[in-house]
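Chemist: Fold the following.
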Amino acid sequence: MSGPIRIGQIIFERFKVIDPIGSGGEGDVVKAIDLVTGDIVAIKQLSACPGDPHYDIQVARLKRAGQIHVGHPCIVDALAYGEEDGEWYLVMPFVEGGDLEIFVRGCGGRCPVDRTVAIICELAGGLGAVHDCGIVHRDIKPLNIIIDPDEHPRIIDFGICNKLHEKTVGNGLVIGTPPYMSPEQAAGTDPVDHRSDIFSLGLVVHYMIIGQHAVQASDPEDAKRIIREVELPSLRRLDPSIPAHVDNACMRMLAKRPEGRFQNAAELCQALGSSSVQQKARFCPSCGRPVQAGSKFCACCGANLNGSAAAVLCLACGGKADNVTPCRSCRRPFSPSNHRFVFEAGTVTGKTFRIPEGRFDVGRSIIEPRDFSISRCHFRCECANGTVAVQDAGSANKTYVAGQLADRWIRLHPRQEFLIAGNHAIYLSQ
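Modeler: Residues are numbered from 1 along each chain as shown. Down below sits the predicted model:
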């Protein structure tokens with residue numbers, strides 16, 4: 001056994017530990033730098049040792065969390081996991097920001113309804129993507145939701161998640177955090193399905209708007225009894241100023257029986273969006289920034305939000321590149337062939353990137369700042385003599401051309417599919 005994780009330690013011959021973050025129930029968490037990409041990551045070291053009670057269960061949970069790859073900007077997917085020198089590690093992207101409890105305290109103890117709705121709609125979208133993968137998180141709570149500096153939420157800690165139709169990783173005990181369990185979780189029903197996460201998200205809504213946990217119990221068994229048997233107070237009963245449609249949506253999420261709740265995340269978002277209260281559940285297809293409901297143009301980049309065409313961007317710098325040569329931002333010239341990527345699926349849907357002359361690296365800040373499945377340096381591109389070639393830059397989620405891993409330079413041909421981290425584009429050239 002190598003012992004506690006150390007500053008300067010290099011894990012998996014790639015990740016160098018640079019700073020401690022904290023300790024959790026199952027291990028220590030540190031900040032590290034990826035020596036290949038330069039990205040900052042978080043690494044969890046399992047604290048349990050062989051022979052400890054539940055060691056095998058904790059290892060199995062770490063492995064399962066390491067296998068989660070949803071590809072949604074709200075979900076913090078694992079980058080790597082494994083055993084080294086007798087220690088188990090889980091590597092994840094590092095997310096700037098604090099947990100939801102810190103965020104609510106920063107709002108003065110209660111989060112305004114419009115900001116709550118915006119965050120919950122994003123979370124529901126992320127959970128919908130999780131559920132579409134056949135996964136139930138089973139531990140949705142404020143401490144497992146990180147709010148980044150741009151006020152976008154990230155769901156973390158898939159340690160006790162479960163895949164539908166697969167055996168639960170555990171020993172028959174009730175799994176989860178009692179004040180944020182669903183009634184079926186609290187009763188020990190196994191397996192629970194995606195509607196259990198919707199109940200827990202309803203408790204998160206209640207907490208954000210009221211500023212207190214809906215289930216007030218210091219004893220875990222009391223908390224589970226309340227979840228199973230006690231009708232929780234409505235938002236409007238506690239604060240009559242809360243819009244009725246938000247109260248109704250929250251209480252439907254908190255229905256005791258799964259069939260009484262929203263049956264999927266899309267239904268929830270539709271219910272919350274039935275009023276002008278919704279403010280930021282819509283994003284500009286060009287720059288990815290949140291926009292106000294009903295806006296015709298993005299206040300950040302000026303893209304037409306209602307038209308069929310979004311702003312055209314430069315692949316080298318991300319600057320606007322509609323009908324200009326050279327690029328106004330990086331001054332690189334564009335070829336007369338007008339090489340470009342048009343994204344048709346994924347978080348980058350609707351964006352078009354013109355490819356300028358020269359060789360350059362492309363990553364998250366240019367393609368889609370909100371999509372953390374895209375590495376900071378994801379692929380390299382070279383445009384010269386009327387041709388374009390790409391090569392993966394050692395990214396976590398890889399780069400593909402026509403289904404082939406771009407682990408070497410690949411010359412592109414018109415109409416070929418280009419794929420990065422779940423985002424599909426078509427390469428076009430005149």
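
Chemist: Show the pLDDT at Asn171.
Modeler: Listed pLDDT for Asn171 reads 46.

Chemist: same deal with Cys161?
Modeler: For Cys161, pLDDT reads 70.

Chemist: Check the burial of it by counting its neighbours.
Modeler: Residues lying near Cys161 (other Cβ atoms under 10 Å) number 19. Heads up, the C-betas are built off the backbone N, CA and C, glycines and all.

Chemist: Check whether it really touches Gly134, as I assumed.
Modeler: No - under the contact definition of Cβ atoms under 8 Å, Cys161 does not touch Gly134, with a separation of 10.5 Å.

Chemist: Name the nearest residue to Gly346, sequence neighbours excluded.
Modeler: Spatial nearest neighbour of Gly346, excluding adjacent residues (Cβ to Cβ, 6 or more residues apart in numbering): Asn423 at 3.2 Å.

Chemist: Tell me what the one you found is bridged to.
Modeler: Beta-bridge partners recorded for Asn423 (DSSP bridges): Ile420.

Chemist: quick one: contacts for it?
Modeler: 343, 345-349, 367-368, 371, 374 (Cβ atoms under 8 Å, 6 or more residues apart in numbering).

Chemist: Return the members of those classed as buried.
Modeler: 343, 346-348, 367-368, 371, 374 (16 or more other Cβ atoms under 10 Å).

Chemist: Most remote residue from the middle of this structure, which is it?
Modeler: Distance from the C-alpha centroid of the chain peaks at Asn385, with 39.3 Å (Cα atoms, centre = their mean).

Chemist: quick one, phi/psi of it?
Modeler: Backbone torsions for Asn385, taken as degrees, to the nearest 10, come to phi 50, psi 40.

Chemist: I'd like to know how far it sits from Gly358.
Modeler: 12 Å (Cβ to Cβ, to the nearest Å).

Chemist: Run through the protein and note the low-pLDDT ranges.
Modeler: The chain contains residues with pLDDT under 70 at 1-3, 24-26, 159-160, 162-176, 190, 273-311, 345.

Chemist: go with 50
Modeler: For the chain, residues meeting the criterion pLDDT under 50 lie at 165-169, 171-174, 274-289, 301, 307-309.

Chemist: Number of residues surrounding Pro220?
Modeler: 14.

Chemist: wouldn't it be in contact with Pro178 here?
Modeler: Yes - counting by Cβ under 8 Å, Pro178 is a contact partner of Pro220 at 4.3 Å.

Chemist: just the helices in this protein please.
Modeler: With helices called from DSSP state H, the chain shows them at 55-66, 100-106, 113-132, 183-186, 194-210, 220-229, 235-238, 244-253, 265-272, 364-367.

Chemist: Can you list the helices and strands that the fifth one packs against?
Modeler: When contacts are defined as 3 or more Cβ pairs under 8 Å, 6 or more residues apart in numbering; DSSP states H and E, helix 194-210 packs onto helix 100-106, helix 113-132, strand 135-136, helix 183-186, helix 235-238, helix 244-253, helix 265-272.

Chemist: in the second one, what counts as buried?
Modeler: If you call a residue buried by 16+ other Cβ under 10 Å, then helix 113-132 has these buried ones: 113-131.

Chemist: and it, C-alpha only, in PDB?
Modeler: Backbone C-alpha positions of helix 113-132 (Å, rounded to 0.1, in the frame of the first residue of the first chain) are rendered in PDB as follows:
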ATOM      1  CA  VAL A 113     -37.400  31.600  -7.700                       C
ATOM      2  CA  ASP A 114     -36.200  32.600 -11.100                       C
ATOM      3  CA  ARG A 115     -32.600  31.500 -10.400                       C
ATOM      4  CA  THR A 116     -33.900  28.300  -8.800                       C
ATOM      5  CA  VAL A 117     -36.000  27.400 -11.800                       C
ATOM      6  CA  ALA A 118     -33.000  28.100 -14.200                       C
ATOM      7  CA  ILE A 119     -30.700  25.800 -12.200                       C
ATOM      8  CA  ILE A 120     -33.300  23.100 -11.700                       C
ATOM      9  CA  CYS A 121     -34.100  23.100 -15.500                       C
ATOM     10  CA  GLU A 122     -30.400  22.500 -16.200                       C
ATOM     11  CA  LEU A 123     -30.200  19.800 -13.600                       C
ATOM     12  CA  ALA A 124     -33.300  18.100 -15.000                       C
ATOM     13  CA  GLY A 125     -31.700  18.100 -18.400                       C
ATOM     14  CA  GLY A 126     -28.600  16.500 -16.900                       C
ATOM     15  CA  LEU A 127     -30.600  13.900 -15.000                       C
ATOM     16  CA  GLY A 128     -32.600  13.200 -18.200                       C
ATOM     17  CA  ALA A 129     -29.400  12.300 -20.000                       C
ATOM     18  CA  VAL A 130     -28.300  10.100 -17.000                       C
ATOM     19  CA  HIS A 131     -31.700   8.300 -17.100                       C
ATOM     20  CA  ASP A 132     -31.500   7.900 -20.900                       C
END
